[in-house]
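Undergrad: sharing a model prediction with you, sequence too.
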Amino acid sequence: DAGITQSPRHKVTETGTPVTLRCHQTENHRYMYWYRQDPGHGLRLIHYSYGVKDTDKGEVSDGYSVSRSKTEDFLLTLESATSSQTSVYFCAISGAGANQPQHFGDGTRLSIL
Amino acid sequence: GQQVMQIPQYQHVQEGEDFTTYCNSSTTLSNIQWYKQRPGGHPVFLIQLVKSGEVKKQKRLTFQFGEAKKNSSLHITATQTTDVGTYFCAGHGAAGNKLTFGGGTRVLVKP
């Protein structure tokens, strides 16, 4: 498996609190992605990064922000968590081109009460 | 925006039987990728198809990319219990920098 570590693996928090999820890679890949997975919706792209400090929105970016200050780290922040953001969050990386296969981390299960 | 649909959403298969899952895009794709996610796991890349009409095989799995590059299929022969999981198709549009996933086909195998 590709060297991708997501932290934390599980988190329970309350509505209105800020939450930051971390994705760390050891592959030196240029592209990094954040997805959420919900029953019946497959995987939906939240944000992605194509280089240090270069990010763009996906299809479900409202309520989320990201930062990438180093090649190896991609952070996803929920500024004020809502119950609708309860989900499983996956980070993925891909190599030389944006249309290359993606390799996923083990996911973070986030519950917002 | 680009939409990718998969059918069926669920597939109950008797061990040893064959089945097919289908993937349809609202727009022409530059490629199609297939992933498998075991229960409780993360998606794992299986294969990528790029050319119109392309067919690729991996042991008992056969993947096809449609002539118009808007649809794809995955056919599994002689299903085994190890095939349990959710199979996702995903495609890149013309811009190539965002991968759109279908909703997945969850496969359950009856021994």
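TA: Alright, I've got the coordinates. Treat the numbers as computed from the prediction; the structure is a model and nothing was measured.
Undergrad: near chain A, which residues of chain B show up?
TA: B:1, B:6, B:9, B:30-31, B:33, B:41-45, B:48, B:88, B:90, B:92, B:96-104 (C-beta under 8 Å from any C-beta of the partner chain). For glycine as for every other residue, the C-beta is placed from the backbone atoms N, C-alpha and C.
Undergrad: buried among those residues? Need that as a selection in ChimeraX.
TA: Selection command for ChimeraX covering only the buried members of these, criterion 16 or more other C-beta atoms under 10 Å in any protein chain shown:
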select /B:6,31,33,42,43,44,45,48,88,90,92,98,99,100,101,102,103,104
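Undergrad: count the neighbours of residue B:25 for me.
TA: Neighbour count of residue B:25, defined by other C-beta atoms under 10 Å in any protein chain shown: 23.
Undergrad: same question for residue B:73.
TA: So residue B:73, with other C-beta under 10 Å, has 18 neighbours.
Undergrad: show me the contact partners of the helix or strand of chain B with the lowest mean pLDDT.
TA: In chain B, no helix or strand scores lower on mean pLDDT, DSSP states H and E than strand B:99-101, which sits at a mean of 92. Strand B:99-101 is contacted from outside by A:33, A:35, A:42-45, A:59, A:99, A:102, B:1-4, B:25, B:33, B:35, B:88-93, using C-beta atoms under 8 Å, 6 or more residues apart in numbering or on different chains.
Undergrad: switch the cut-off to 10 Å
TA: Residues from elsewhere that reach strand B:99-101 (C-beta atoms under 10 Å, 6 or more residues apart in numbering or on different chains): A:31, A:33, A:35, A:37, A:41-45, A:48, A:58-59, A:92, A:94, A:98-102, B:1-4, B:6, B:23, B:25-27, B:29, B:31, B:33, B:35, B:43, B:88-93.
Undergrad: now do it: distance to the chain's middle.
TA: A distance of 12 Å separates the centroid of the chain from that of strand B:99-101, by C-alpha atoms, centre = their mean, to the nearest Å.
Undergrad: same question for stretch A:104-113.
TA: The answer for stretch A:104-113 is 9 Å, by C-alpha atoms, centre = their mean.
Undergrad: in it, which residues are buried?
TA: Within stretch A:104-113, the residues scored as buried using 16+ other C-beta under 10 Å are A:104-108, A:110, A:112.
Undergrad: average pLDDT for that stretch?
TA: In this model, stretch A:104-113 carries a mean pLDDT of 97.
Undergrad: hmm, that stretch touching chain B?
TA: Yes. Shown here: stretch A:104-113 in contact with chain B (C-beta under 10 Å from any C-beta of the partner chain) through A:104-107.
Undergrad: now those residues as a markdown table including distance to residue A:18?
TA: Compiled in a markdown table, those are given as follows (distance: C-beta to C-beta, whole Å):
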| residue | distance to residue A:18 |
| --- | --- |
| A:104 | 25 |
| A:105 | 21 |
| A:106 | 23 |
| A:107 | 20 |
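Undergrad: quick one: which of those residues is nearest residue A:79?
TA: Nearest to residue A:79 among the residues of stretch A:104-113 next to chain B: residue A:107, at 21.4 Å, using C-beta to C-beta.
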